[in-house]
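Q: Let's see this in three dimensions:
(2 chains)
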Amino acid sequence: MRIRSFVARLTRPSIVVYAHCDLPCGVYDPAQARVEAESVKAIQERYQNAGQFHGANQTLADYQGRALAIKEQRAELVKHHLWVLWTDYFTPAHLEKYPNLHQLFWTATKEAGAAKKSQDPAQGQRLLDAIAEIDKIFWETKRA
Amino acid sequence: MGAATGRARACGAVLAMLALGAAARYLRRSLLTVAVEGRSMWPALAPGDWLIVRRGGVPRDGSVVGRVVCVRAPDGRMLVKRIAAGPGDASPRDGAPLPPDAYFVLGDSLEASTDSRHFGAVSATAIEGIAWLRYWPARRTGRIAHAPAAPGS
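A: Residues are numbered from 1 along each chain as shown, chains lettered A, B, ... in the order given. Model (predicted):
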């Protein structure tokens, strides 16, 4: 073990070189919004079956309260990631090619807002569907 | 007799240590080990790659184009990028020929890189060395490929 750490010390570089990217670095991906939206939907599902999920040291009301609080945060993150795509990634040229873009973002962010109030997984699915439509256009513009 | 052999042995040991020390100093002066952070050189380099860099000795002609180099950015950070154009070549930024002692560096992943497009061409003195070998991770060891074509094209 001592020999191993000695070898590691000898071979580990002392200098970091940055293959870096300062902001704004142009890395965008609707996956960020999708992952948060999946959390939202999963929480809505768990809320419906909270009886199975709440721990031994937790009342049902505590578990549900916590689920609502986290869902609130995740839904806000969905909005944030969508807004970054909408305002920073997409350009007027994209809008010309995809005239429904504003409508899609409006629908998706509205669904993210609705997700804060809704405990229905079907609503979470509508949010995911709306993000999927944006995702499709996003990757079309990436290929172009 | 015994004492003489002992002295000869000690002498040999000292000489061997001096030789090792000199070799280590030479290697330290001419080689550098660095760890890569960031994704701008993907797929040639990945975050966490450990490289051996040959210090100095930047060829002052077109043969340096396509090399992966460690370069000192104007903000003082050490970067790893690829030389896209050298003195006399058309600048990828505006097409004008680069002046003598001007090297234009780019990341291989153009959309995830801050490079000469942002801070301009660098001089040979800013280039610390040429990335030569990757020695870690073990399954990706080998020479760092030299890309003759402009990166990203």
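Q: rest of the way, CA atoms for contacts and neighbours
A: Will do.
Q: where does B:Asp35 sit relative to A:Lys136, distance-wise?
A: Actually, residue B:35 is Ala. It isn't Asp. B:Ala35 sits 36 Å away from A:Lys136, taking C-alpha to C-alpha, to the nearest Å as the criterion.
Q: Also B:Gly142?
A: Remark: distance between B:Gly142 and A:Lys136 (C-alpha to C-alpha) = 38 Å.
Q: Looking at B:Ala35 and A:Lys136, which has the bigger crowd around it?
A: Remark: of B:Ala35 and A:Lys136, B:Ala35 carries more neighbours, 22 against 11, as counted by other C-alpha atoms under 10 Å in any protein chain shown.
Q: Okay, and the more buried one sits in which element?
A: strand B:31-37 (DSSP states H and E).
Q: what residues does that strand touch?
A: Outside strand B:31-37, the residues that touch it by C-alpha atoms under 8 Å, 6 or more residues apart in numbering or on different chains are A:12-20, B:45-55, B:80.
Q: Please identify the buried residues of stretch B:135-149?
A: B:Tyr135, B:Trp136, B:Ile144, B:His146, B:Ala147 (16 or more other C-alpha atoms under 10 Å in any protein chain shown).
Q: Reformat the residues you listed as CSV; add secondary structure and pLDDT.
A: Converted to CSV, these look like this (DSSP: H, G, I helix; E, B strand; the rest coil; pLDDT from 0 to 100):
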residue, secondary structure, pLDDT
B:Tyr135, strand, 93
B:Trp136, strand, 87
B:Ile144, coil, 93
B:His146, coil, 85
B:Ala147, coil, 80
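Q: which pair in the residues you listed spans the largest distance?
A: Spatial extent of those (C-alpha to C-alpha) is set by the pair B:Trp136 and B:Ala147 at 20.9 Å.
Q: Show me what from chain B comes close to chain A.
A: B:33-41, B:47, B:50, B:70, B:77-81, B:107, B:111-114 (C-alpha under 8 Å from any C-alpha of the partner chain).
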